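Asker: structure for this input, please:
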Amino acid sequence: MRRSGPLLTLLAGLLLGVFMLSLNATTGTEGSSYESRTTPSATPGSPSPAASTTPPPPTPSRTAPVNADYAGRTDDDSSAIAVSLRDGRAIAYFCDGRDQESWLKGDVEDDGTMRLTGKHGAKLDGTLEEGRRIRGTVDLKGGRHAFTADKAVKPSGLYRATATVRDAKIDGGWIVLPGGKQVGVLTRDGEPGAAPRIDPATGAVTVDGEQLTARPVTP
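Answerer: Numbers count the residues shown, from 1 in each chain. Coordinates of the predicted model:
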């Protein structure tokens, strides 16, 4: 009986040790489970994996202005203007049908804007609007003329004839407006005057008794 006391004490110690080991294992498992539930999946301050950045809209593509002719009048109805566009280039003619005229030329940008220049500081600033018309201004001899030129259908448009008649150098420019009305200036050895009427179907025109041919103008 005296030997049973130490054995019981040893057995009780072993049972206590097993109980403590079981308790520690259970506590560790619960702690790990809690941490896995509460630990954030991303570093604080970084964007959520589910978040997405909307890409910027694509830049609109630009299309070069198409080849076409435009004709119209100034806003004060004092003069006419015609513009011919070809492959990103433009040539324009401004005249009042009496003694003022100017030929201008230059490039047309992809957005339809143009800045054309001519002799003696003449310039044209215009904008092509959806291929239907050109609006702008012409600066000539200290005056500024606002204009609108609508898209023209042949025979409307811009014509020119150059020749030597009776030893005089002839240079004529004509604008045939929608509806058939004509505005032009013809110079003889540099002296401007009203131009005679041309036949838009053929370009035929009689100058000082001689027949010339006015041809469509393109850049």
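
Asker: going by C-alpha atoms from here, please, whenever you check contacts or count neighbours.
Answerer: Noted.

Asker: now D69, nearest residue through space, not along the chain?
Answerer: Excluding the flanking residues, the one nearest D69 by CA to CA, 6 or more residues apart in numbering is S84, at 4.4 Å.

Asker: contacts only, for that neighbour.
Answerer: Shown in contact with S84 (CA atoms under 8 Å, 6 or more residues apart in numbering): 67-70, 90-92, 157-158, 217-219.

Asker: for V176, same thing?
Answerer: 71, 155-159, 182-183, 200.

Asker: and it, what are its bridge partners?
Answerer: Per DSSP bridges, the residues bridged to V176 are G157, Q182.

Asker: now do it against A90, distance only.
Answerer: Distance, V176 to A90, by CA to CA, to the nearest Å: 18 Å.

Asker: quick check, central residue of this structure?
Answerer: With distances taken as CA atoms, centre = their mean, D111 lies nearest the centre of the chain, 2.4 Å away.

Asker: pLDDT score for that one?
Answerer: D111 carries a pLDDT score of 94 in this model.

Asker: re earlier: and the contacts of V176, which is closest to G97?
Answerer: Using CA to CA, V183 is the member of the contacts of V176 that lies nearest G97, at 5.1 Å.

Asker: can you pull the domain assignment for the chain?
Answerer: Per the record, the chain has its domains at 1-29, 68-216, by automatic domain parsing.

Asker: so what's the residue count around E129?
Answerer: E129 has 14 neighbouring residues, counting by other CA atoms under 10 Å.

Asker: what do you get for G173?
Answerer: 27.

Asker: quick check: it touching G193?
Answerer: No: assessed by CA atoms under 8 Å, G173 is found out of contact with G193, at 10.9 Å.

Asker: list the residues that contact both of those two?
Answerer: In terms of CA under 8 Å, 6+ apart, G173 and G193 are both contacted by the residues 185-186.

Asker: follow-up on the earlier one: may I see the contacts of S84 arranged in TSV, with pLDDT and distance to R135 as well?
Answerer: Supplementary listing: the contacts of S84 in TSV, determined by pLDDT from 0 to 100; distance: CA to CA, whole Å:
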residue	pLDDT	distance to R135
N67	92	17
A68	96	15
D69	97	13
Y70	98	10
A90	98	14
I91	98	15
A92	98	13
G157	96	16
L158	97	17
V217	96	20
T218	94	19
P219	91	19
